[in-house]
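1. Sharing a model that was predicted from the sequence below.
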2 protein chains.
Amino acid sequence: MDKAVVDRIAQFEGQEVLLQGWLAAKRSSGKIHFLQVRDGTGTIQCVLVKANAVEDEFAAADRCPQESSVEVVGVVRKDARSPIGFEVDASRFRVVSAAEPYPISPKDHGTAFLMEHRHLWLRSRRQHAILRVRATIIRAIRDYFDNNGFLLVDTPILTPAACEGTTTLFELDYFGEKAYLTQSGQLYNEATAAAFGKVYCFGPTFRAEKSKTRRHLMEFWMVEPEMAFADLVENMRVAEEFLAYVVGRVLDERRTELAVLERDIKPLEGVQAPFPRIHYRDAVAQLRTHGSDIPDGDDFGGDDETILTKLYDRPIIVHHYPTAVKAFYMKRDPDDPTHCLSMDVLAPEGYGEVIGGGQREESLEVLRAAIAAHKLPEEAFGWYLDLRRFGSVPHAGFGLGVERTVAWICGLPHIRETIPFPRMLEKITP
Amino acid sequence: MDKAVVDRIAQFEGQEVLLQGWLAAKRSSGKIHFLQVRDGTGTIQCVLVKANAVEDEFAAADRCPQESSVEVVGVVRKDARSPIGFEVDASRFRVVSAAEPYPISPKDHGTAFLMEHRHLWLRSRRQHAILRVRATIIRAIRDYFDNNGFLLVDTPILTPAACEGTTTLFELDYFGEKAYLTQSGQLYNEATAAAFGKVYCFGPTFRAEKSKTRRHLMEFWMVEPEMAFADLVENMRVAEEFLAYVVGRVLDERRTELAVLERDIKPLEGVQAPFPRIHYRDAVAQLRTHGSDIPDGDDFGGDDETILTKLYDRPIIVHHYPTAVKAFYMKRDPDDPTHCLSMDVLAPEGYGEVIGGGQREESLEVLRAAIAAHKLPEEAFGWYLDLRRFGSVPHAGFGLGVERTVAWICGLPHIRETIPFPRMLEKITP
């Protein structure tokens, strides 16, 4: 007898199969048990009729608590009433392990309670949908770069120097030296782009920020491509092509999950390149006509991004942010050094920044001056400056935050459900 | 004019193209410059003939230092003498940025020197070959699991509890609480396997071990699959199928790189399932007949693994290690509780362990007793024990260390070249 899985149940139609999973729910007429069995790939209704069942097994199904692990043997039958199109006419039923009373009930639990039970909450239909979309997003990200001439080159998590100040860094002791958890692989990417042309890194990054918002996690995944011989314009082209590809893959492969999440897919279908490109100055002007009091030269706050993105039906690219609000390595606009060759991609529907990047400064002298102006210790950047000493080239890249992208594509109000075990300000368990 | 890249140069045969890269080497006859241009995807010889060149450009090529960034315009020509089958008849040459004298010369440098210059050493032919094989291994790993019904579910890097003691953990302050860098996603994988059936996590892991060996890094990447409703036998089957697939992909896609590394591919071609399976007791007996003095009940040392793997022409699976040397969550053999349902896959040619795993204990009572016997704080494992309270099932999984696998497949004597920026005992820069 074959072992079947729910997401491939169609290929077992008419056959007797073994299903292994968990009892998600059941109802009973006294003579028939309708057992909802979840095997991790999906949930299927198994119908156990008393007249056809082993007596003890029918009784065991009657007593069986929610979330017990079970095995069912039965014949797969097409059924138009089923949300997945199939049911199982069960002949055998076995409890592998009977569950204690399950703490998560259909009633509304508070978020704190659900987060404490995150290891169990992950079994819910909604969390299944989100984490499947997440897996597809990650797969699509890798496919895009692997198929477009980028080489995956992992950058380190443990880093010696703080590239943008230490206040938001997690610090640890590395055999007597201070070390920090990475906030970005970019500086290392610049070295590997000089070796391999087009590269990307993809791993967890960390920010020890004492903020509790719907958009921040302490630990989050980021993909960062970097391209030698590329400028801001090419960077924007790649960013929009990439993001449209990722959204397209989710629409191709995860319609069912988006429906579970009640996600309106119209706005996602509109994510087509090119995206509107807006100079920072024009974005500020637009913001002010829509009620923002953003001062000249400021970076956008979350509220500004919300106002701005609601004006467009697709992601937008804001470029040429003020030099003063961006990192030291950003290349200044040669025609207007108060603004730099930076860009952010802001997701629509109020979601805001999902991509940040720009063209990097390739001049050794300008970069040394920028390091000094930012009061950073030049000796920590010796290897980074070497990249300008030995074959410097115009280069550009960006970073996309996975969890913000998941939140946007799934239409979630808060980032906490976008990662299996979120790390938040007062939350490091389970 | 098209911009061409070296690894796709064949499609530009007969066309005039722009090449952008770095001057890896050159020689000159006075009237002809032979310029080796590396663009990150490969290296191609560009032939610049004085009679056809712009005078200033010919002179600039003559002066151009190694590792300067350059642009060459020329026509792609088939050439049987070229290692890549093509050359470029150059008409234009431009120095983008002239390099300072390059510190890495063809003479032998010590490892310490090369490691200090890792950001530049990455440009070498050998490092290119290794890191391309690495990228292919990682891609193959993901493809195997994605194509075999496993869902990628990321596990956290920042963890609250130490699952196997704190002596080899990196500790940090998490807003007033102690936190540790993960050594394994396994416990979390057990939770997600109970939600999704078959899962894998893949990310960096950390070990603060004061050891300097050719097989240890402080930061290394590990992929860990976990399967609900699976036992030791199924675990071994998946492990060998998986590993044979990964090696096969490298043989399919990276022959050129293996040749650069002078890797004998015969042993790799022999990596076919099934692998020999050896009970720990039999392995000990074999070791002793080959000169090891391993005492009863000990875990294998590196030397033991070397001796043992040299007796076989393919990877071997050693199973049923002594319970006492394995972690608390390992399920004991019901017929012989002094040994457990664990397994390691040892790579041939003396490389040793690349995979470790086993079947996990699914009984709540046995697991609680094991936690107590290991003197671990039960309260830290509350959520983990919940997995046995709510639908416990037989389950198994394993972890594969990426860097050890790269070292073996590439035939490297030391693990330090298997990752772009290795983190070793006295090494956290660049």
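-> It's in.

2. Pull out the buried positions in stretch A:242-249.
-> Of all the residues in stretch A:242-249, those buried under the rule 16 or more other C-beta atoms under 10 Å in any protein chain shown are A:242-247, A:249. The C-beta positions use only the backbone N, C-alpha and C, and glycine is treated the same way.

3. chain center to it, what's the gap?
-> In terms of C-alpha atoms, centre = their mean, to the nearest Å, the centre of stretch A:242-249 is found 13 Å from the chain centre.

4. same for the lowest-mean-pLDDT helix or strand in chain A, what does it pack against?
-> Of the helices and strands making up chain A, the lowest-confidence element is helix A:302-309, at a mean of 92, by mean pLDDT, DSSP states H and E. Counting contacts by 3 or more C-beta pairs under 8 Å, 6 or more residues apart in numbering or on different chains; DSSP states H and E, helix A:302-309 is packed against helix A:280-289, strand A:316-319, strand A:342-347, strand A:352-360.

5. Report all helices and strands that the second one contacts.
-> Spelled out, it's strand A:316-319. helix A:232-253, strand A:277-279, helix A:280-289, helix A:302-309, strand A:342-347.

6. Any idea which of these gets closest to residue B:200?
-> Residue B:200 sits nearest to helix A:232-253 of all the helices and strands packed on strand A:316-319, at 18.2 Å, using C-beta to C-beta.

7. orientation of that closest one relative to strand A:352-360 in degrees?
-> 140 degrees (axes from the mean of the first three to the mean of the last three C-alpha atoms, to 10 degrees).

8. what residues does helix A:232-253 touch?
-> A:133, A:136-137, A:139-141, A:143-145, A:225, A:227, A:230, A:258, A:265, A:268-269, A:271-275, A:277, A:315, A:317, A:319, A:341-343, A:345, A:354-355, A:357-359, A:396-398, A:400, A:405, A:409 (C-beta atoms under 8 Å, 6 or more residues apart in numbering or on different chains).

9. angle of that helix against strand A:342-347?
-> 20 degrees.

10. what's around whichever residue of the stretch 1-150 of chain A sits closest to chain B, how many residues?
-> Closest residue of the stretch 1-150 of chain A to chain B, C-beta to the nearest C-beta: residue A:40 (2.5 Å). Neighbour count for residue A:40, taken as other C-beta atoms under 10 Å in any protein chain shown: 26.

11. What are the phi and psi values at it?
-> Main-chain dihedrals, residue A:40, degrees, to the nearest 10: phi 100, psi -30.

12. Check the gap between it and residue A:22 for me.
-> When distance is defined by C-beta to C-beta, to the nearest Å, residue A:40 is 8 Å away from residue A:22.

13. before we move on, what about residue A:62?
-> From residue A:62 to residue A:22 the distance is 17 Å (C-beta to C-beta).

14. swap in residue A:312?
-> Taken as C-beta to C-beta, the span from residue A:312 to residue A:22 is 44 Å.

15. Now stretch A:409-417: buried residues?
-> Quick answer for stretch A:409-417 (16+ other C-beta under 10 Å): A:409-412, A:415-417.

16. could I get those residues as CSV with distance to chain B and secondary structure?
-> Output for those, formatted as CSV (distance: C-beta to the nearest C-beta, whole Å; DSSP: H, G, I helix; E, B strand; the rest coil):
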residue, distance to chain B, secondary structure
A:409, 16, helix
A:410, 16, helix
A:411, 21, coil
A:412, 17, coil
A:415, 14, helix
A:416, 13, helix
A:417, 13, helix
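
17. I'd like the buried residues of stretch A:242-249 laid out as CSV, including pLDDT and distance to residue A:304.
-> Shown next, in CSV, are these (pLDDT from 0 to 100; distance: C-beta to C-beta, whole Å):
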residue, pLDDT, distance to residue A:304
A:242, 98, 24
A:243, 98, 20
A:244, 98, 24
A:245, 98, 28
A:246, 98, 25
A:247, 98, 23
A:249, 98, 30
